[in-house]
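Undergrad: Fold the following and give me the result.
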Amino acid sequence: MPAMQPIDRDVLTGLQLGDERALERVFRDRYAPLSQQASAALDDATGAPKVVEGAFVRVWEERGKIDSPEALEAFLFDAVKTAAARERSRRAAAHRFGGTHDTHHVSTHAGAIPVTIDDAWAHVSNVLHAPTANGAPHSEQVQHALHDHSRHEAAAHVAALAKRPAWQIPTAIAVVLAAAIFGAMRWMDTASADSAVTSALASPDGRNVSTLASQIGATTLSDGSKLRLGADTKLRIPPSFPASMRAVKLDGAATFEVAPNATRPFIVRAGDASITATGTAFDVSAYPKEAATVRVRSGQVVVKSLTTGSSQTVGAGQSLAIASDGAMSAPTPAALDEAFAWTDGRFFVDGRPLSAVLPLLVRWYGMEMRATDPSLLARPVTMRAPLASSREAIASLEKSASVKFDYDDKKMVLRDAPAAAAPKK
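TA: Numbering: from 1, shown residues only. The predicted structure follows:
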């Protein structure tokens, strides 16, 4: 893809304020590379203009949620990628069911004369100015998606409908189409919202709040929400917080006391989980390479897997673990205690090998130890200790793993504990 000049922030401001000239400027700057992307994805240049035009209609409709030039760039390329994949699926389904490709835009997009950038912008402008039943502009791309989704759903029911009395067929078709349209609208709204959150959290203008190893901190966000951060934790806050969205990204552990806001939910991205709340107290643990765990203390949250799209509502007194592949399950009491013992000032592990416990001691106590004998690393450890006392943590570790804490050239080490003396007879 050829090098491109970054989108000007003043142009983005004009777009956010509803200046159609700003949209046209971005369209003309990005039409060629986006068309190349669409052509490559479709393996066919004739369908690329429609895909790119639809992406810009979506930008116009979502302009209030786009808070940086980088987010706008990401939004455009993501919209083209999604629309191209949908178009490929539509064509495959049409071929599979014995149909033909949609003839819409044949005269302009599939004709012998290539679509010029002026033609393409005219198509976008026409869509922006075309009123719907309530007078609001609508997206041609969305209408295509709904049409395609409805047709695929209806085709799956053709055989069953053919067996019904004639008077039932129109009613059944109407029900199928209505359900398909409703489902497509919900999916597209959700996908758009998820994309906006992802773009906002990726903005270079965001800020980080973090803690070091063995450090527990607290912060109050600008919307009034109160947080406690566990050791070695990073919280990412987008520049749009809380003006256009309340969303944060968590790498580590935190407790949340969310300020109520019925119209703007609070979203936490943690590992594969997206956790949504309006005014709720809950805890999250999501360190790298560990399952994300959510515990709700009051109210309720909706937990969604970003991988699978599945979601569950978690109420007060309930908890949920979300693996990296999106699988959701109820954590065991021991796993729950391991994840959130720190909120009570405690450290706890249950039956973990020493090799897994040593990094946790670095995280929560700042103690970096090594085993002098590699065979010690396989020993199981079950221990509990107050976070305020490294001495008690070492004593608990020694007892559980049958090891002896020592120093080797000023470095902390663990040696095999001497065998207990044989009892006298």
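
Undergrad: Enumerate every residue touching the residue nearest the centre of the chain.
TA: For the chain, the residue nearest the mean C-alpha position is residue 306 (4.8 Å; Cα atoms, centre = their mean). With contacts defined as Cβ atoms under 8 Å, 6 or more residues apart in numbering, the neighbours of residue 306 are 194, 269, 272-274, 326. Every C-beta, even on glycine, is put in place using the N, C-alpha and C of the backbone.

Undergrad: again, 10 Å this time
TA: Taking Cβ atoms under 10 Å, 6 or more residues apart in numbering as the definition of contact, the neighbours of residue 306 are 194, 198, 269, 271-274, 322, 326.

Undergrad: Neighbouring strands - and their directions - for the lengthiest strand in the chain?
TA: Scanning the chain for the longest strand, with DSSP state E as the assignment, gives strand 246-257. For strand 246-257, the paired strands and their directions (DSSP bridges) are strand 226-229 (antiparallel), strand 234-237 (antiparallel), strand 266-270 (parallel), strand 281-286 (antiparallel).

Undergrad: Serialize those to a markdown table and add fields for distance to residue 313.
TA: Compiled in a markdown table, the strands paired with strand 246-257 are given as follows (distance: least, Cβ to Cβ, whole Å):
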| stretch | distance to residue 313 |
| --- | --- |
| strand 226-229 | 22 |
| strand 234-237 | 24 |
| strand 266-270 | 15 |
| strand 281-286 | 12 |
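
Undergrad: So which of the ones you listed is nearest residue 58?
TA: Residue 58 lies closest, by Cβ to Cβ, to one member of these: strand 266-270, at 20.7 Å.

Undergrad: Need the mean per-residue confidence for the closest one.
TA: For strand 266-270, the mean per-residue pLDDT is 96.

Undergrad: CA atoms of that strand as CSV?
TA: Output of strand 266-270 as CSV, limited to C-alpha atoms (Å, rounded to 0.1, in the frame of the first residue of the first chain):
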residue,chain,number,x,y,z
PHE,A,266,-18.8,1.7,31.8
ILE,A,267,-16.7,-0.8,29.8
VAL,A,268,-13.6,-2.6,30.9
ARG,A,269,-11.5,-4.5,28.3
ALA,A,270,-9.5,-7.2,30.1
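
Undergrad: Domain-wise, how is this protein divided?
TA: Using automatic domain parsing, the domains assigned to the chain come out as 9-201, 207-331, 345-416.

Undergrad: quick one: low-confidence ranges for the stretch 51-200 of the chain?
TA: Along the stretch 51-200 of the chain, the model assigns pLDDT under 70 to residues 93-113, 131-192.

Undergrad: Kindly recompute the last result at 80.
TA: Applying pLDDT under 80 to the stretch 51-200 of the chain flags residues 88-114, 130-194.

Undergrad: Pull out the buried positions in stretch 227-239.
TA: Of the residues in stretch 227-239, 227-233, 235-238 count as buried by neighbour count, 16 or more other Cβ atoms under 10 Å.

Undergrad: Same list (those residues) but as a markdown table, adding pLDDT and distance to residue 351.
TA: As requested, the buried residues of stretch 227-239 are arranged in a markdown table below (pLDDT from 0 to 100; distance: Cβ to Cβ, whole Å):
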| residue | pLDDT | distance to residue 351 |
| --- | --- | --- |
| 227 | 97 | 31 |
| 228 | 98 | 27 |
| 229 | 98 | 27 |
| 230 | 97 | 22 |
| 231 | 97 | 22 |
| 232 | 96 | 23 |
| 233 | 97 | 25 |
| 235 | 96 | 31 |
| 236 | 95 | 33 |
| 237 | 95 | 37 |
| 238 | 94 | 39 |
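
Undergrad: Next up, the contacts around residue 367.
TA: For residue 367, the contact set (Cβ under 10 Å, 6+ apart) comprises 213-214, 358, 361, 390, 393-394, 397, 405, 412.

Undergrad: Kindly recompute the last result at 7 Å.
TA: Contacts for residue 367 (Cβ atoms under 7 Å, 6 or more residues apart in numbering) come out as 361, 390, 412.

Undergrad: which residues of the stretch 101-250 of the chain fall in helices?
TA: Along the stretch 101-250 of the chain, the segments classed as helices by DSSP state H, counting those that start in this stretch run 106-109, 117-129, 140-155, 158-162, 168-201.
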